[in-house]
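>>> Curious how this folds, go ahead:
(chains A, B, C and D)
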4 protein chains.
Amino acid sequence: MPRIAYFGPTGTFTEMALAHLEDTGIFDGPVERVSAASPPAALQLLRDGDVDGAVVPIESSVEGSVPPTMDALSIGPRLQIVAETELDVAFTVVVRPGTTADQVRTVAAYPVAAAQVQQWIAEKLPQAEIVAASSNAGAAEDVAAGKADAGVSTALAGERLGLDALAEGVADFAGARTRFVLLTRPAKTPPRTGHDRTAVILQLPNEPGSLVRAMTEFATRGIDLTRIESRPTRREYGTYFFHLDCVGHIDDALVAEALKALHRFAQVRFLGSWAAVADNGVPPVSDEADAQWLDALRRGEEDR
Amino acid sequence: MPRIAYFGPTGTFTEMALAHLEDTGIFDGPVERVSAASPPAALQLLRDGDVDGAVVPIESSVEGSVPPTMDALSIGPRLQIVAETELDVAFTVVVRPGTTADQVRTVAAYPVAAAQVQQWIAEKLPQAEIVAASSNAGAAEDVAAGKADAGVSTALAGERLGLDALAEGVADFAGARTRFVLLTRPAKTPPRTGHDRTAVILQLPNEPGSLVRAMTEFATRGIDLTRIESRPTRREYGTYFFHLDCVGHIDDALVAEALKALHRFAQVRFLGSWAAVADNGVPPVSDEADAQWLDALRRGEEDR
Amino acid sequence: MPRIAYFGPTGTFTEMALAHLEDTGIFDGPVERVSAASPPAALQLLRDGDVDGAVVPIESSVEGSVPPTMDALSIGPRLQIVAETELDVAFTVVVRPGTTADQVRTVAAYPVAAAQVQQWIAEKLPQAEIVAASSNAGAAEDVAAGKADAGVSTALAGERLGLDALAEGVADFAGARTRFVLLTRPAKTPPRTGHDRTAVILQLPNEPGSLVRAMTEFATRGIDLTRIESRPTRREYGTYFFHLDCVGHIDDALVAEALKALHRFAQVRFLGSWAAVADNGVPPVSDEADAQWLDALRRGEEDR
Amino acid sequence: MPRIAYFGPTGTFTEMALAHLEDTGIFDGPVERVSAASPPAALQLLRDGDVDGAVVPIESSVEGSVPPTMDALSIGPRLQIVAETELDVAFTVVVRPGTTADQVRTVAAYPVAAAQVQQWIAEKLPQAEIVAASSNAGAAEDVAAGKADAGVSTALAGERLGLDALAEGVADFAGARTRFVLLTRPAKTPPRTGHDRTAVILQLPNEPGSLVRAMTEFATRGIDLTRIESRPTRREYGTYFFHLDCVGHIDDALVAEALKALHRFAQVRFLGSWAAVADNGVPPVSDEADAQWLDALRRGEEDR
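Numbers count the residues shown, from 1 in each chain, chains lettered A, B, ... in the order given. Purely as a prediction, here's the structure:
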């Protein structure tokens, strides 16, 4: 039974994402879920060989990239993304049984969550003060332990702790979604599906224009870049890791060309090619016809 | 006396940054410091006319951009950056007088700070658990209130609350620095100094290659891009604000050209041109000689 | 009365082009036409101060650029194009009075003309051999002198020598046109008309990609390049002069920007901006609105 | 015995180029030389199957590209360049035995040759008039036939007609060279040698920037473009064939990529890859290492 780490504790959105991935059948059977205190901790378990996979959040439609995940992907041995899933992220506000809204004076919330529900709190719990929790599930734990009157958490965490839901589907921004990825140690890339995503981390030579050059390697091949993020390397001030996601698969000829082209002048960490859960842009055109044309030329058959 | 908001409470690094700016003489006299609960709150006070300026952190050499600041700059009426300062960011671990290291069981820390000192805590306070604080100064308040045994905070905050320093200059990453900016409502751009920085926020047409095009407008003019960040717009999934910083001033002819070129196809929010505190790359070349050459051509005087 | 050199002798298409230009009123009165033996000879008369202007062919829709004109523009003191005109180029086949088609055994033709009528000769004068003439008007002179039975020439040349037209409007390629330009010594550029053409000659640094860079300076500004030609410099093997024509005028802000940008890394010889006689592509967009936007930003008035 | 057409008549530089190619052993034995009246005529013989190869001049270091050759390559069935050679082009001025310089009143010269020796004639034969000949060898024939006193020709042509050399090595521009190519009907490309040249003719979509795009396909792959020429299509005014030469071979992975990339948006006529006789720039880098890296990634072996 494979052991899969996730950003816990139990009841987090990440655990729900893992459950989703289990439902897709990707694991060929049941898995043992292993809670980790943070995304970096989950990746460390994977690198240490303590688990066989790890599920972490990577991007929120409201908050953008998840910095701890990105930084942990850049440093240490290479890991590989093999699958993804997306969840609607709306919070459940949990209370101890019997607590009513007008009794709430303190609301425990993970700061990222607090940013997404502050308008709701200002309207519905105007007399309450927000206190920091260590995670979304931790906010429920704080309520169960009596440290706060209410918690911005998940339905799952509330249930497990016997708490009541004061409100469900709480979110200042409608349609908020978070994307989670399943990582393994480097492995054979999953087969091309035709609606794939490829991710790399680049370290570029310290020359003006090198980022434009890198992006142009995608643009000239008609490959859609869907995400670009920079993160400090923490080694030298003003140096960055660039995280680039594109539409397509390493087995798409044009994506392969672009990766090779990047490799000629940059340090490229390949994070994987995997099936995208949602429509993520126009896949690169096939280069089959062009390759056949070229081979005909080489043989001297072409006639135009 | 101008009123200047800052990301407080009293004792934060941001208040130190404001003090630094006061020392530079930029305010022509004393100012009234107004504490705000968050960077967005500080900017809101400015937009509401309650203050005349606002100081907020914008980028850390360890943590990268400060998302709440960036998001608050994108949404709402335009504000303008007029100055910047940088601080070495090393923390002071504060305790109530008499507390020794081996007595510490809980350490209050703002999550961003926790990420920068976790190795130090693991080594020096291995028996301690980290609990979330609402800011760096708030960590000291938690110690003073008895909610935690130690706090990852600033020297200033500790002093003001009568706490002792268990350790100073605490940082997992040597040389960590944070950059802070002073904003006002839109105003005449400060004069060009020759070592300036210019920042814009772009909303690009939803076409492949439009980001490359935007960056190329800088590259072809030899203008050094020093930062590029994307942030979700929160309005439509998969749409972004792009934050670009470049070397140079709106009164550098080539920067002016680049801004006009962006304006031809993108929505451009100009965040200002101001003096950079540190060497921030090679400024754009002067276009004086080229302009004179062109005028000679127009008059028919040129002779080559 | 201005003296204007043209590629003669009398009766050439170039003299017709000069007559056309006279009809436009550009000379403010009658001119003295000065025949020159070749395009370079016409330009030499202008450089020597012997004439005030020169008319030479520059491009044919069938034969492409006129190399002697291009080379003479590159070497020696700069000259400036101030106007252009275009002629339909169809030949008149001239014979001595009384000569019939079946009597023609030799046809005098300037080699450039021969290339444009060889199909016609093969069909209509199959028994004739082509002999080289020194110009189109020279072919008529050869006929008048009895050196050839027929000549591929112009109607004007035939008339002046008392020859008959065996055929008129002779051309293998329908719609052949040639463009002629009027040059002066460097002078104030004629005013922008909104349908202008600008020409430069570039000497580029001997680096891979420098031509792409030069062309990109036009492309990124949305300026239409209508012609690009390379000619050996004749000084060093493998080095070239690049002749570029674009749509627009040096007083179009974007064209001015592009010229200044070229001047930053290349040797630029400005050949002039002048009114195009035919639709020559989409003129560059005005940068008026962008410039006003930028000035509002500088003053701090902009509000988006 | 293969039949090879050349731009004749006997004694032309092109025949010398054919002799050079024979000396290289490329034909595996003797060939039958077939004179053609012009470069297009030589290519027509090849297309008609009357000969097995054709040698034509393609570029002069003084005069640039040879338009009749270029135009004949663009129109009609595709032909393929399989080899090249270069000759120093200096002329021999031939006279009938006994003629001295001061007796020369007329000099027969092919117009292209006349352009390259006019300074010499002005100095050494100031009293002489230039009359047009149909080729360099034709100039010698004109002298032998008494139509001119002297001829700008080749040593070979003079010898064959029993003429004397009044002067040898005549050239206004020192170091003038002409490049000649050997063409066949489409055939298997000659093997890569590491110092190769590849040529294509492009028809580009009628959109601004499409030529820049085509050139960028070479530039982004570090491929050196050594020649770019435009020629009118003669079908529609303002439309062009673009002739591009680059360093490298169709079997260089990066050249293959560039050709496929062009094929995605342009009509590409491949003129061949063949060994360059002289140093023609830096060949494209090998993509071997990049391809191995990519394959390791696909298998999941890569470890960085």
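
>>> What residues sit buried inside the strand or helix carrying A:Val82?
According to DSSP states H and E, A:Val82 maps onto strand A:80-88. Buried residues in strand A:80-88, counted by 16 or more other C-beta atoms under 10 Å in any protein chain shown: A:Gln80, A:Ile81, A:Val82, A:Ala83, A:Glu84, A:Thr85, A:Glu86, A:Leu87. C-beta coordinates here come from the backbone N, C-alpha and C atoms, glycine included.

>>> which of those lies closest to A:Pro186?
Closest approach to A:Pro186 among the buried residues of strand A:80-88 (C-beta to C-beta): A:Gln80, at 5.1 Å.

>>> To which secondary structure element type does the residue of the stretch 1-150 of chain A found nearest chain D belong?
Distance from chain D to each residue of the stretch 1-150 of chain A (C-beta to the nearest C-beta) is smallest for A:Arg78, at 5.9 Å. On the three-state scheme (DSSP: H, G, I helix; E, B strand; the rest coil), A:Arg78 is labelled coil.

>>> since we're on it, how many residues are nearby?
19 (other C-beta atoms under 10 Å in any protein chain shown).

>>> Compute the distance between it and chain B, please.
Plainly put, A:Arg78 is 21 Å away from chain B if you go by C-beta to the nearest C-beta, to the nearest Å.

>>> how about low-confidence regions in chain A?
Applying pLDDT under 70 to chain A flags the ranges A:302-304.

>>> Enumerate the residues of it near chain D.
By C-beta under 8 Å from any C-beta of the partner chain, the residues of chain A that approach chain D are A:77-78, A:80, A:186-189, A:213, A:216-217, A:220-222, A:250-251, A:256-257, A:259-261, A:263-264, A:267, A:269-270, A:285, A:287, A:290-291, A:293-294, A:297-304.

>>> which among those residues end up buried?
A:78, A:80, A:186, A:189, A:213, A:216-217, A:220-222, A:250, A:256-257, A:259-261, A:263, A:269-270, A:285, A:287, A:290, A:293-294, A:297, A:300, A:302.

>>> How far does the helix or strand A:Ala115 falls within sit from its chain's centre?
Taking DSSP H and E as the criterion, A:Ala115 maps to helix A:111-124. Centroid displacement of helix A:111-124 relative to its chain, using C-alpha atoms, centre = their mean, to the nearest Å, is 22 Å.

>>> Stretch A:66-77 now?
Centroid separation between stretch A:66-77 and its chain, computed with C-alpha atoms, centre = their mean, is 11 Å.

>>> Check stretch A:39-56 too.
That offset, for stretch A:39-56, works out to 14 Å (C-alpha atoms, centre = their mean).

>>> does chain B sit close to that stretch?
No: judged by C-beta under 8 Å from any C-beta, stretch A:39-56 makes no contact with chain B; its nearest approach is 9.2 Å.

>>> ranges for the strands of the stretch 201-304 of chain A?
Applying DSSP state E, counting those that start in this stretch to the stretch 201-304 of chain A gives strands spanning A:225-232, A:240-247, A:267-275.

>>> Make JSON lines out of those strands and add distance to D:Lys124.
Formatted as JSON lines, these follow (distance: least, C-beta to C-beta, whole Å):
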{"stretch": "strand A:225-232", "distance to D:Lys124": "66"}
{"stretch": "strand A:240-247", "distance to D:Lys124": "67"}
{"stretch": "strand A:267-275", "distance to D:Lys124": "65"}
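
>>> Point out the one among those strands that comes closest to chain B.
Here strand A:225-232 is closest among the strands of the stretch 201-304 of chain A (C-beta to the nearest C-beta), at 5.1 Å.

>>> mind saving the C-alpha coords of that closest one as CSV?
Taking C-alpha atoms only, strand A:225-232 is exported to CSV below (Å, rounded to 0.1, in the frame of the first residue of the first chain):
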residue,chain,number,x,y,z
LEU,A,225,2.8,29.8,-21.2
THR,A,226,0.1,29.6,-18.5
ARG,A,227,2.1,30.7,-15.5
ILE,A,228,5.3,32.5,-14.8
GLU,A,229,6.5,33.3,-11.3
SER,A,230,9.8,34.4,-9.8
ARG,A,231,11.0,33.4,-6.4
PRO,A,232,14.2,34.6,-4.7
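
>>> got the buried residues for that strand?
Residues of strand A:225-232 classed as buried: A:Leu225, A:Thr226, A:Arg227, A:Ile228, A:Glu229, A:Ser230, A:Arg231, A:Pro232 (neighbour count, 16+ other C-beta under 10 Å).

>>> Please look at A:Ala113 and A:Asn136 and confirm they touch.
Yes: between A:Ala113 and A:Asn136 there is a contact under C-beta atoms under 8 Å: 5.6 Å.
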